[in-house]
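Asker: below are the sequence and a predicted model for it; my questions follow.
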Amino acid sequence: MCKGLATLPATCLKSAKDIKHKISFLLQKPEPQAANQKQLKEKTTTAAAKRQPNAAEVEKWKESFSHVMSSDTGRTVFTSFLRSEFSEENMEFWVACEDYKKTTPSKLATRAKQIYQQYVEADAPNEVNLDAVTKEETRLNVENACPSCFEEAQKMIYTLMEKDSYKRFLKSKLIQDLCQKQTSTFKEKNEKKSREALAGGA
């Protein structure tokens, strides 16, 4: 240690080390998590591009949140809404938990740690809104990873989306535009049928 550092109080040196550690941690690239997020977003985009929801689907989504979540297209549209509210991490976490349940036993520990670091721990890159008790319970579960170790956290985020975001989703311009589009499509089809019927009669 140089003389200049030796003259500094121990508390200053400790603070400097802490800051250095935090900066090093922030500069680390969470490659597995980033890759998973990229795959999720690509999957979501592909699903959205495949087809537009029909009128029956949109009506189902308006009936209950479970209909939104049980539909690939529903989750895609709802994720678009969450993105507009800067809370898409809730859906990403929920999907990650669903995928985690299908993880092979040999990879459970590694994947559990990735999900925990990405979404659950304090100051995680995509931290979801969990209470302290659930966070601690999840942390302990991850230490002994099993298929259900995120169960309580996933339920809490599902309820948060259902009670909070879903209500705004139903009133959003996104849903209104979809309903309007489906109504216009339905009218166009009826008008086309009418024209064809008239042409056939003539």
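Answerer: Cool, got the structure.
Asker: list the contacts of stretch 169-176.
Answerer: Residues outside stretch 169-176 that contact it (C-beta atoms under 8 Å, 6 or more residues apart in numbering) are 58, 61-62, 68, 77-78, 80-81, 84. For the C-beta atoms, the positions are set from N, CA and C on the backbone; glycine is no exception.
Asker: which of those fall within helices?
Answerer: Residues from the contacts of stretch 169-176 lying in helices, with DSSP state H as the criterion: 58, 61-62, 68, 77-78, 80-81, 84.
Asker: quick one, which of the residues you listed are buried?
Answerer: Neighbour counting over those (16 or more other C-beta atoms under 10 Å) leaves 58, 61, 68, 77-78, 80-81 as the buried ones.
Asker: could you pull out the buried residues of stretch 155-169?
Answerer: In stretch 155-169, counting by 16+ other C-beta under 10 Å, buried: 156-158, 160-161, 165-166, 169.
Asker: start to end distance for it?
Answerer: 19 Å (C-alpha to C-alpha, to the nearest Å).
Asker: and it, average pLDDT?
Answerer: What stretch 155-169 shows for mean pLDDT is 97.
Asker: what comes up buried for stretch 126-136?
Answerer: Buried, per 16+ other C-beta under 10 Å, within stretch 126-136: 126, 128, 130, 135.
Asker: that older thread, out of the ones in helices among the contacts of stretch 169-176, who's nearest Tyr116?
Answerer: Set against Tyr116, the nearest of those by C-beta to C-beta is Phe78 (24.2 Å).
Asker: contacts only, for the closest residue to that closest one other than its chain neighbours.
Answerer: What sits nearest to Phe78 in space, not counting adjacent residues and going by C-beta to C-beta, 6 or more residues apart in numbering, is Val68, at 5.2 Å. Val68 sits next to 61, 74-75, 77-78, 166, 169 when contact means C-beta under 8 Å, 6+ apart.
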